[in-house]
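Visitor: output the structure for:
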Amino acid sequence: MSFLKNIKLNYTTKVLNECIENNSFNEFQKNFEKLKKIDIKIANKFIKYNSTSFIENDELNFLFNKNFIWLNSYRKQDVNLLSNIITQIFKLSTKKNIEFLNFYEEVLKLLDDEEIKDYQTPNEIFLKSHYYFQMLIDNHYSGTKLINTSSAFYEFDKKIHFTHHKLTRCYFYVIKHPYQIFADLKNMGFGAQEALSILCNFEDRPDTVEIQKNNKKLFFPENTKSWATNVSSWTNENAQTSLRGLTLFYDDLLNHTEDKIIEIAAHLKESGIEMELNPLELSKISDALNLAKVKNIPIDLSNKEKKIIDRECGDIIEKIRIKNQRSDF
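Guide: Modelled structure (predicted):
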């Protein structure tokens, strides 16, 4: 770093700290833009160490954009159909394309190798950093984004959550029945005991997201938890109210596609996405999806396996059944 650049960097960082201390937020905005031009990595670090306090300060709302639409499920692949539907809705109703990103893969791409070492396990630093992770992605990709994870929604220290309403426009959570997920896992080659262990998280360990970057294998934990914990966390009434969440059932997307497309488009519009909705045009999306090729794998459960799944997931299944009588649960 040049001598002159170093002086500018130190001065700008000092001014930013003084702006926060003196509540001079107009000056903060100007100087933060200067810092980004001088050294974006230093600007990101400034956000890293202050994101959880900044996000609660309405004077600093200019730092945050509601650019994320989350498409989540217990298994990431179970939102592929939903992603296709929303992508088609955007093309039809806004004349725009929209990026579909995997959350933790993108974070791994944007963090430097040394920084990644701080986040190898779901520890306190990892849990506190999710606002920072999301701001990194938002600053890297402009505009509204579809973003995906199979992580459970969490609350840390009663005030920090997986995401925040200043970052998230809305979310969709897709529920697939645990019997079907068990069948899917066995079809992927897992034995019955291993499939049950994954579904019910008997070993209490996170999944792992891996990418290749600069000829290195990098990984991040993904705190999926059990099916029951994952589903209950994202269908929690507080999460759904504060973040505009909509629960969808995988079988409904297959069997009541046209109705669901209209419901999804309405939820996007209610969440502030500017779009023109034409039900007749939206109905054409279902015809183009060719869902005849999408079939659930036949379920073959022993009585013992069914008892274990019912014991671990039954309460959540029943709650979901009561909430949505139309589902195939």
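Visitor: you'd agree Asp315 is in a helix?
Guide: Yes. The assignment for Asp315 is a helix, going by DSSP: H, G, I helix; E, B strand; the rest coil.
Visitor: for the closest residue to it other than its chain neighbours, what are phi and psi?
Guide: Of all residues not flanking Asp315 in the chain, Ala228 sits nearest, at 7.3 Å (C-beta to C-beta, 6 or more residues apart in numbering). Glycine gets a C-beta too; all of them are placed from N, C-alpha and C. Dihedral angles of Ala228 (phi, psi; degrees, to the nearest 10) stand at phi -60, psi -40.
Visitor: ok, now Glu276?
Guide: Phi and psi for Glu276, reported as degrees, to the nearest 10, are phi -100, psi 120.
Visitor: run through the protein and note the low-pLDDT ranges.
Guide: For the chain, the stretches with pLDDT under 70 are 1-5, 292-295, 322-329.
Visitor: domain boundaries for it, per the record?
Guide: Here the domain parsing of the chain from automatic domain parsing is 3-49, 71-323.
Visitor: contacting residues around the residue nearest to Asp315?
Guide: Residues in contact with Ala228 (C-beta atoms under 8 Å, 6 or more residues apart in numbering) are Pro178, Cys200, Glu312, Cys313, Asp315, Ile316.
Visitor: what's the farthest-apart pair in these?
Guide: Cys200 and Asp315 (12.9 Å; C-beta to C-beta).
Visitor: who's more crowded, these two?
Guide: Using other C-beta atoms under 10 Å, the more surrounded residue of Cys200 and Asp315 is Cys200, with 20 against 12.
Visitor: would you agree the more buried one is in contact with Glu312?
Guide: Yes. Assessed by C-beta atoms under 8 Å, Cys200 is found in contact with Glu312 at 4.3 Å.
Visitor: identify the contacts common to these two.
Guide: Ser226, Trp227, Ala228.
Visitor: for the host helix or strand of Lys45, packing partners?
Guide: Using DSSP states H and E, Lys45 falls within helix 40-48. With contacts taken as 3 or more C-beta pairs under 8 Å, 6 or more residues apart in numbering; DSSP states H and E, helix 40-48 sits against helix 3-21, helix 25-38, helix 130-140.
Visitor: ok and it relative to helix 3-21, angle-wise?
Guide: 20 degrees (axes from the mean of the first three to the mean of the last three C-alpha atoms, to 10 degrees).
Visitor: go through helix 40-48 and flag the buried ones.
Guide: Buried residues in helix 40-48, counting neighbours by 16 or more other C-beta atoms under 10 Å, are found at Ala43, Asn44, Phe46, Ile47, Lys48.
Visitor: JSON lines for these, including distance to Phe62?
Guide: As requested, the buried residues of helix 40-48 are exported to JSON lines (distance: C-beta to C-beta, whole Å):
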{"residue": "Ala43", "distance to Phe62": "14"}
{"residue": "Asn44", "distance to Phe62": "16"}
{"residue": "Phe46", "distance to Phe62": "14"}
{"residue": "Ile47", "distance to Phe62": "13"}
{"residue": "Lys48", "distance to Phe62": "18"}
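Visitor: and those, which is closest to Leu248?
Guide: Nearest to Leu248, judged by C-beta to C-beta, of the buried residues of helix 40-48 is Ile47 at 32.9 Å.
Visitor: that closest one and Asp78, how far apart?
Guide: 32 Å (C-beta to C-beta, to the nearest Å).
Visitor: just Glu270 next, same as before
Guide: Separation of Glu270 from Asp78 (C-beta to C-beta): 24 Å.
Visitor: and Thr94, by the same measure?
Guide: Noted for Thr94: a distance of 25 Å to Asp78, by C-beta to C-beta.
Visitor: who has more neighbours out of those two?
Guide: The residue with more neighbours, out of Thr94 and Asp78, is Asp78; 20 against 15, by other C-beta under 10 Å.
Visitor: residues in contact with the more buried one?
Guide: Val174, Lys176, Tyr250.
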